[in-house]
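1. Curious how this folds, go ahead:
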Amino acid sequence: MISRQKLSNALRILSIDAIEESQSGHPGAPLGMADIAEVLWRNFLKHNPLNPQWWNRDRFILSNGHASALLYSLLHLTGYSISLQDLKNFRKYLSNTPGHPEVNRTPGVEISTGPLGQGLASGVGMAISEHILSAYFNRKNFLIVDHYTWVFAGDGCLMEGISHEACSLAGTLGLGKLIVFYDDNGISIDGKVVEWFSDNTKKRFLAYNWQVLTVNGHDFQEILHAINLSKNNLSQPSLIICKTIIGFGSPNKSNRSISHGSPLGSKESKLTRLSLKWSDKTPFFIPSEIYKLWDFKIQGQKLENQWNVLFQKYTQKYPTLSKEYVRRMSRQLPEIFHKSVKNFLLTAQKFPENISTRQASQKTLEIFGAILPELLGGSADLAPSNLTLWSGSRSITKDSSGNYIHYGVREFGMTAIANGIFHHGGFIPYTATFLVFSDYARNAIRMAALMHTHQIFIYTHDSIGLGEDGPTHQPIEQLSTLRYIPNLSVWRPCDTIETISSWYYAVQNQTGPTALILSRQNVYQISRSTKQIENILHGGYILKEYGQTVDIIVISTGSEIKIALQVSKILHLKHGYGIRIVSMISSDVFDQQNQKYRDSILPPKILKRISIEAGSSEYWYKYTGLEGIRIGIDSFGESASGEKLFEMFGFTVKKILKRIQKFLKK
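-> Sure thing, here's the model as predicted:
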């Protein structure tokens, strides 16, 4: 009979062999957490290796993503499409086994983890998704949404501040189907963590309203018992503190920081095999009887088949609910959506209102929210300012489901949680804060873009126009730095029509996240032709032209469009210049258009180009070239009214005209 120890040692051997082959990686955590993984994956985890996207599977997240060799070994042994060759290609170019887990790259990986703590936060998001969907779709005797979220986390995950943000909210919401295993080995890269991480983790999580259990992470029965206790407590998330030995089995490197992030080396790997009583010396060799005990394909398919039968009966009894569940999990928009947006645009064009773009966004939410139940909103304690609540918003609490999360002042946690919400399936999350505080969320924004996450970021108070709160709250460089993030689409609308169009794009954009940059102050509403409205979705388009020929191109965005129009009209009427005003609402989308379209908007032969935006000016070189001028703000703001600040920083018709005239004389 093959012991559990032998089965978990198979994980250890494959992991250290992959790391040795790569000559790069982190053996400490895979060696230390293998026993926990064996109990969880062979006794509790509900999944199907033959269909990694089965909707009712459990979600497993390796938040300490440097332990990826452990996850790849688990996927290989249980029957996912991860071959021995894939393990041999660990950390190599374009392999299915990259250095840290990447969603959409490796079958069985639920979410990309690398920056510590974000996997844990995304796990909270996945548990929230299960919580809401189960309340909406489940009926008596029909638990079609019924699964757990399991997270492996390490010291680094808990040291990162995002763990506090996410776990505090998880406890408040009582996410009983979230179970986290904390690899408490006391070692990080720099050495023994007690020198810099002396928190009482148990008391900390008890204060969050979690259930906390402590086990020997190498005692199979203790781990098994703790998991059963956790599964039986549906009113609280559970933290299982697993006392483990980093580098378990390595005679000379276990319980030392040297085992954290460097291969054991050939000699130590051989000694580790001896220590673990692994008789075969051949790298990557696992006996067939061990493969047979690990293989989960038959059990996994049986679990899914049982669910399929249940879902067929559910469909017969609740056809409308069934159809809606399939639509949402398939990420399909309702048929009525596009027609409703077109009608909304026509109405907004006929009856313009003198409102801010944040108000226009809220009005858009009133229309979209009623059509799209998958829109799951939230704000970092700024809902009355971000205007992210609409008449149909219902707050999510421990005891009630809904469609709006009050994230509290947790911008980083909010964004990473929403990443998990999307990757679970069933929702398009939108999150909100002030533009300047997007900096708090920056790494989760980057991860959203990296993972092609369909999340909508609402960032209001988009310039010095927000006024008296002063330079700490007035964004300068944020717009440009967001635009530099690959695969993040950034939209800064100038009025209601552009705001509706921005939302329309964001809801359809399944290739990555979209950021909507919105004003606090009221903006000028502009009349457009049908063709112009259609061209908004090209990212940049001709908003207005003065004159029969074009001598100068003025490029602008947001609230500064009004001043660009005023200045251009004067330049034409008083000085005879032919002026084209281009609204560059989304430069990244504009850059994706074909060359013919781009040249039709920005003809290469017209070199007199002027950009006007109340933020960092450096970004606009790509459109103005060295020959043009960039009117922006390259210093921090001040405390004053928005009107006073625009005057002080040169954003008046008179001052901009003066700069342009000086430029034209050259």
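
2. Residue 287 reaches residue 280, doesn't it?
-> Yes - applying C-beta atoms under 8 Å as the test, residue 287 and residue 280 come out as touching, 7.4 Å apart. For the C-beta atoms, the positions are set from N, CA and C on the backbone; glycine is no exception.

3. So the two - more neighbours on which side?
-> It is residue 287, of residue 287 and residue 280, that has more neighbours when counted by other C-beta atoms under 10 Å, with 13 against 10.

4. so what's that one up against?
-> residue 280 (C-beta atoms under 8 Å, 6 or more residues apart in numbering).

5. try 10 Å
-> Remark: with contacts taken as C-beta atoms under 10 Å, 6 or more residues apart in numbering, residue 287 is in contact with 2, 6, 10, 279, 280, 293.

6. Same question for residue 437.
-> Taking C-beta under 10 Å, 6+ apart as the definition of contact, the neighbours of residue 437 are 380, 382, 409, 411, 412, 459, 461, 473, 475, 478.

7. Residue 434 now?
-> Residue 434 sits next to 380, 382, 385-386, 411, 440, 459-462, 466, 469, 473-475, 478, 520 when contact means C-beta under 10 Å, 6+ apart.

8. change it to 6 Å
-> With contact set as C-beta atoms under 6 Å, 6 or more residues apart in numbering, residue 434 has these partners: residue 461.

9. Check residue 606 too.
-> Residue 606 sits next to 550, 553 when contact means C-beta under 6 Å, 6+ apart.

10. how about the helices of the stretch 101-250 of the chain, start to end?
-> Remark: helices assigned in the stretch 101-250 of the chain by DSSP state H, counting those that start in this stretch are 118-137, 155-159, 161-173, 201-207, 220-231.

11. Report the backbone C-alpha coordinates of the second one in CSV.
-> Coordinates of the C-alpha atoms in helix 155-159 are reproduced here as CSV (Å, rounded to 0.1, in the frame of the first residue of the first chain):
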residue,chain,number,x,y,z
ASP,A,155,4.3,35.0,5.1
GLY,A,156,4.8,37.5,2.2
CYS,A,157,1.1,37.5,1.4
LEU,A,158,0.2,38.3,5.0
MET,A,159,2.9,41.0,5.3
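
12. Against which helices or strands is that helix packed?
-> Using 3 or more C-beta pairs under 6 Å, 6 or more residues apart in numbering; DSSP states H and E as the contact definition, helix 155-159 packs against no other helix or strand.

13. Run the chain-centre distance for that helix.
-> Averaging C-alpha coordinates over helix 155-159 and over its chain gives two centres that are 20 Å apart (C-alpha atoms, centre = their mean, to the nearest Å).

14. and if you look at stretch 32-41?
-> That offset, for stretch 32-41, works out to 28 Å (C-alpha atoms, centre = their mean).

15. same deal with stretch 289-301?
-> Taking C-alpha atoms, centre = their mean, one finds the center of stretch 289-301 at 33 Å from the center of the full chain.

16. Show me the contact partners of stretch 623-635.
-> Looking at what lies outside stretch 623-635 - C-beta under 6 Å, 6+ apart - the contacts are 476, 555, 607, 609-617, 620, 649, 663.

17. Next: stretch 476-492.
-> Outside of stretch 476-492, the residues that reach it under the criterion C-beta under 6 Å, 6+ apart are 435, 438, 446, 449, 502, 512-517, 557-558, 585-586, 588, 615-616, 619, 633.

18. I'd like to know how far the closest residue to residue 427 other than its chain neighbours sits from residue 144.
-> On the basis of C-beta to C-beta, 6 or more residues apart in numbering, the spatially nearest residue to residue 427 that is not a chain neighbour turns out to be residue 376, at 4.3 Å. Between residue 376 and residue 144 the distance, using C-beta to C-beta, to the nearest Å, works out to 19 Å.

19. Neighbour count: those two, which is higher?
-> Neighbour comparison, residue 376 and residue 144: the larger count goes to residue 376, with 25 against 21 (by other C-beta under 10 Å).

20. List the beta-bridge partners for that one.
-> In this structure, residue 376 bridges to residue 429 when assessed by DSSP bridges.

21. these two touch, right, it and residue 428?
-> No - the pair formed by residue 376 and residue 428 falls short of the contact definition of C-beta atoms under 6 Å, at 7.0 Å.
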